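Engineer: Sequence first, then the predicted structure, then my questions.
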Amino acid sequence: QVQLVESGGGLVQAGGSLILACAASGRRLSDFELGWFRQAPGKDRELVAHIAGRTGVASYKDSVKGRFIMSGDNAQSTERTVYLQMVTLKPEDTAVYYCAAKPWWTVGSSVSDYGYWGQGTQVTVSS
């Protein structure tokens, strides 16, 4: 069981920056890989960034490469915080951003592969 709580969303002008945080807690967190998803109104939820559980390497959606950075503090057995630093924000980045977790050994990275979700945090970028 993993609990996820996001924070840091808000309203920002285009070109601005935000840092989102996801506080994860639960037993055996080392068994889980964390990712950031977002869902814009009327659109499907999409993976924005994730850190591979075995390698610790971050991967990004093409449209955010060079603008978003996912990082995390040193993973503890029961608590961990990951961040999504977002710069040069665009209106099309407007969405609810979700932190999610899945066992690191699962191969897929779709929404259905992630079994644990936070409540989401709204990011709104004005033009």
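Structural biologist: Great, that's in hand.
Engineer: contacting residues around stretch 41-60?
Structural biologist: Contacts of stretch 41-60 from elsewhere in the structure, counted by CB atoms under 8 Å, 6 or more residues apart in numbering, are 31-39, 61, 64, 68-72, 82, 84, 95, 97-98, 103-105, 109-111. C-beta coordinates here come from the backbone N, C-alpha and C atoms, glycine included.
Engineer: among those residues, which ones are buried?
Structural biologist: With burial judged by 16 or more other CB atoms under 10 Å, the buried subset of the contacts of stretch 41-60 is 32-38, 64, 68-70, 82, 84, 95, 97-98, 109, 111.
Engineer: Strands - which of these land there?
Structural biologist: Judged by DSSP state E, the subset of those located in strands is 32-38, 68-70, 82, 84, 95, 97-98.
Engineer: Just give me the closest of these to residue 124.
Structural biologist: For these, the closest approach to residue 124 (CB to CB) belongs to residue 95, at 8.7 Å.
Engineer: In stretch 45-61, which residues are buried?
Structural biologist: In stretch 45-61, counting by 16+ other CB under 10 Å, buried: 45, 47, 48, 49, 50, 51, 53, 58, 60.
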